[in-house]
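In: have a look at this prediction, sequence included:
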Amino acid sequence: MKVRILVRLKPGVLDPQGRAVHHSLDGLGFEGVNDVRIGRMIEMDVAEGTSDETLTKMCEQLLANMVIEDYAIERLDDQREPA
Amino acid sequence: MGFKAGVITFPGSNCDRDMAVALESVTGTPALRIWHGDAELPEGLDFIALPGGFSYGDYLRSGAMAARSPILKAVVKAAERGVPVLGVCNGFQVLTESGLLPGALMRNAGQTFVCRTAELEVANTSSIYTSGFVQGQVLRIPVAHHDGNYFADEATLDRLEGEGRVAFRYKDNVNGSRRDIAGVLSANGRVLGMMPHPERAIEPAAHPSLGGEDGRALFENVVKSLVAA
């Protein structure tokens, strides 16, 4: 089962990398960029039937630092292909 | 019997030897070298040091993997029994990742690696690390890091300040740390995490901008406090 974890800085936590990238986009002439935040995507292949509880524990014990980051769990196999 | 200090080495640690040399030069006893894969610490340690470097290549987050290594479970247990633990630079990152200290160390606000001598103001004089210092005293200690930007939420910062747990502040904030914090103590004052490297300031050097003994004074405070206890 494929699972995608998105780890993002919490709102309000300053993101120096995002700010630098924002600055570079401005420098390249792209207009209308209001904000840039950089996070991390982790793709995992886990055993079928791995529970939400287990995935949550993985996120909170290791994949995200709960002091500064939030996480979102996405089960890729749940997405039905459009008919 | 001599002062029994242990220095933990993770794959990617690079200040472990300097830490061991600093401890031996102050205590007169060779420090025990401990490997990250060991599940247990040697018996009867008086002091544990987590050195600087790039443990596990800084994979995932600085200090994240080291904080989940077998030896850290033993370090956490020892800290809970009151054994002093000093984490310097990457060691500080390991302490926050393991939950022994609050907060987190983020990428420097200026995005760049900072390597220079920093001036630190002593903000606590009651811990075993700082008892020989005077409030407001300025120490000159080298910093060399990319992820030293100390972050904690406002409530945590207020609590740390209220409880006198900020050990050192940067005179000139080198990395964007909240409230200029360079070093943080645990609630019982026995665990200290700091980004600057006291083990790199244990003797004078030929050039005035290098060396110095302000770091040695920190180790001497520890030995004095623990031997007197």
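Out: Looks like it arrived, so ask away.
In: nearest to chain B: which residue in chain A?
Out: residue A:67 (4.3 Å; C-beta to the nearest C-beta). Backbone N, C-alpha and C define where each C-beta goes, glycine included.
In: need the contact list for that residue.
Out: B:96, B:102-104, B:151-153 (C-beta atoms under 8 Å, 6 or more residues apart in numbering or on different chains).
In: check what pLDDT it gets.
Out: Here the pLDDT value assigned to residue A:67 is 95.
In: gap between it and residue B:98?
Out: 12 Å (C-beta to C-beta, to the nearest Å).
In: now do residue A:25
Out: According to C-beta to C-beta, residue A:25 and residue B:98 sit 37 Å apart.
In: so where's chain B uncertain?
Out: B:1, B:229 (pLDDT under 70).
In: near chain A, which residues of it are found?
Out: Residues of chain B found near chain A (C-beta under 8 Å from any C-beta of the partner chain) are B:60-61, B:64, B:68, B:96-97, B:102-104, B:106-111, B:149, B:151-153, B:176.
In: please indicate which of those are buried?
Out: B:60-61, B:64, B:68, B:96-97, B:102-104, B:106-109, B:149, B:151-153, B:176 (16 or more other C-beta atoms under 10 Å in any protein chain shown).
In: so for the lengthiest helix in chain A, mean pLDDT?
Out: Longest helix in chain A by number of residues, with DSSP state H as the criterion: helix A:16-27. On average, the pLDDT along helix A:16-27 is 92.
In: for that helix, give me every contacting residue.
Out: With C-beta under 8 Å, 6+ apart as the test, helix A:16-27 has contacts from A:9, A:33, A:35-38, B:106-111, B:149, B:176.
In: bridging across strands, which residues link to the residue of chain B found nearest chain A?
Out: Closest contact between chain B and chain A, by C-beta to the nearest C-beta, is at residue B:104 (4.3 Å). Assessed by DSSP bridges, residue B:104 has beta-bridge partners residue B:151.
In: my read: it touches residue A:68, true?
Out: Yes: using C-beta atoms under 8 Å, residue B:104 is in contact with residue A:68, at 4.8 Å.
In: about what we covered before: neighbour-wise, which of residue A:25 and residue B:98 wins?
Out: Between residue A:25 and residue B:98, counted using other C-beta atoms under 10 Å in any protein chain shown, residue B:98 has the larger neighbour count: 22 against 14.
In: contact partners for the closest residue to that one other than its chain neighbours?
Out: Leaving aside its chain neighbours, residue B:98 sits nearest to residue B:67 (3.9 Å; criterion: C-beta to C-beta, 6 or more residues apart in numbering or on different chains). Going by C-beta under 8 Å, 6+ apart, residue B:67 touches B:94, B:97-99.
In: 7 Å instead?
Out: Residue B:67 makes contacts with B:94, B:97-98, as judged by C-beta atoms under 7 Å, 6 or more residues apart in numbering or on different chains.
In: go on, residue B:5?
Out: Residues near residue B:5 by C-beta under 7 Å, 6+ apart: B:23, B:27, B:31, B:46-47, B:49.
In: over to the residue of chain B most remote from its centre: give its phi and psi.
Out: The centre of chain B is farthest from one residue, residue B:206, which by C-alpha atoms, centre = their mean lies 25.9 Å away. Backbone geometry at residue B:206, expressed as degrees, to the nearest 10, gives phi -60, psi -40.
In: now do the same contact list for it.
Out: Contacts for residue B:206 (C-beta under 7 Å, 6+ apart) come out as none.
In: all helices of chain B, in order?
Out: For chain B, applying DSSP H gives helices covering B:16-27, B:64-67, B:70-80, B:90-98, B:154-162, B:214-228.
In: buried sites along the last one?
Out: Right, helix B:214-228. B:214-219, B:221-223, B:225.
In: can you list the residues of chain A near chain B?
Out: A:13, A:16-17, A:20, A:62, A:65, A:67-68 (C-beta under 7 Å from any C-beta of the partner chain).
In: can I have the buried ones of those residues as a ChimeraX selection?
Out: With 16+ other C-beta under 10 Å as the criterion, this ChimeraX line picks the buried residues out of those:
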select /A:13,16,62,65,67,68
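In: farthest-apart pair in the residues of chain A next to chain B, please.
Out: Farthest pair in the residues of chain A next to chain B (C-beta to C-beta) is A:20 and A:62. Separation: 26.9 Å.
In: what about chain A, any weak spots by pLDDT?
Out: Within chain A, the stretches with pLDDT under 70 are A:78-83.
In: hmm, try it at 90
Out: Within chain A, the segments meeting pLDDT under 90 span A:12, A:14, A:16-17, A:77-83.
In: how about the helices in it?
Out: Under DSSP H, chain A gives helices at A:16-27, A:52-58.
In: using CSV, list the CA coordinates for the first one.
Out: What follows is helix A:16-27, C-alpha atoms only, in CSV (Å, rounded to 0.1, in the frame of the first residue of the first chain):
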residue,chain,number,x,y,z
PRO,A,16,13.9,31.0,5.8
GLN,A,17,14.1,28.6,2.8
GLY,A,18,10.7,29.6,1.6
ARG,A,19,11.5,33.2,1.9
ALA,A,20,14.8,32.8,-0.1
VAL,A,21,12.9,30.9,-2.8
HIS,A,22,10.2,33.6,-2.8
HIS,A,23,12.9,36.2,-3.3
SER,A,24,14.4,34.2,-6.2
LEU,A,25,11.1,33.9,-7.9
ASP,A,26,10.6,37.6,-7.7
GLY,A,27,14.1,38.0,-9.1
